[in-house]
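*Asks:* Have a look; sequence and predicted model below, questions after that.
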Amino acid sequence: MSRLSAGMHVNANTHALDHQPVEPWQQIDPAATTGSRVLDVCFGAELGLWEMSAGRMKDIEADEVFVVLSGSGTLEFVSPSLPSIELQTGSVVRLTEGMRTRWTMRDSPLRKLYILSAKEDGDDSD
């Protein structure tokens, strides 16, 4: 992980992210990929970028808030059952630990800037 130092500039829209296939347990569409990078840990929270290619996947969420920087798609809440959200540039969403979700990106990647609670040292649970 790289840390942002005072005065350092990162363009969140163009910062390179290496994509990998989603984990087998997350696959709905085997072509879906994700990429992420932690930018910093500060004020007790992790700040990073996450991107998903066109496709579908499922996930179990962490405790986070995110802002969509680019792209669009649908976020479905499986558990707890909540109304789906149409994500677009500027969407701000709060997720809580353990939520089960389905992500669908139709045409282009969706990129988000996320803030999540940093794990304490020695906490290796996921």
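*Replies:* That came in fine, so what should we check first?

*Asks:* This structure: strands as residue ranges?
*Replies:* With DSSP state E as the criterion, the chain has strands at 20-21, 33-42, 45-52, 55-60, 64-70, 73-79, 82-87, 92-95, 100-105, 110-117.

*Asks:* and residue 9, which of those strands is closest to it?
*Replies:* For these, proximity to residue 9 was assessed by CB to CB; strand 33-42 is nearest, at 11.4 Å. Just so you know, the C-beta spots here come from the backbone N, C-alpha and C atoms, and that holds for glycine as well.

*Asks:* Quick check: can you name the pairing partners of that closest one and their directions?
*Replies:* Strand 33-42 has its sheet partners listed here by DSSP bridges as strand 20-21 (antiparallel), strand 45-52 (antiparallel).

*Asks:* Which of the ones you listed has the highest mean neighbour count?
*Replies:* strand 45-52 (a mean of 19; mean count of other CB atoms under 10 Å).

*Asks:* Can you lay out the strands of the chain as CSV showing distance to residue 10 and mean pLDDT?
*Replies:* Shown next, in CSV, are the strands of the chain (distance: least, CB to CB, whole Å; pLDDT from 0 to 100):
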stretch, distance to residue 10, mean pLDDT
strand 20-21, 21, 96
strand 33-42, 6, 94
strand 45-52, 9, 96
strand 55-60, 25, 98
strand 64-70, 12, 97
strand 73-79, 24, 98
strand 82-87, 22, 98
strand 92-95, 20, 98
strand 100-105, 23, 98
strand 110-117, 10, 96
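
*Asks:* Which one, of those, ends up nearest to residue 3?
*Replies:* The nearest among these, by CB to CB, is strand 33-42 at 5.2 Å.

*Asks:* Show me what counts as buried in the closest one.
*Replies:* 33-35, 38-40 (16 or more other CB atoms under 10 Å).
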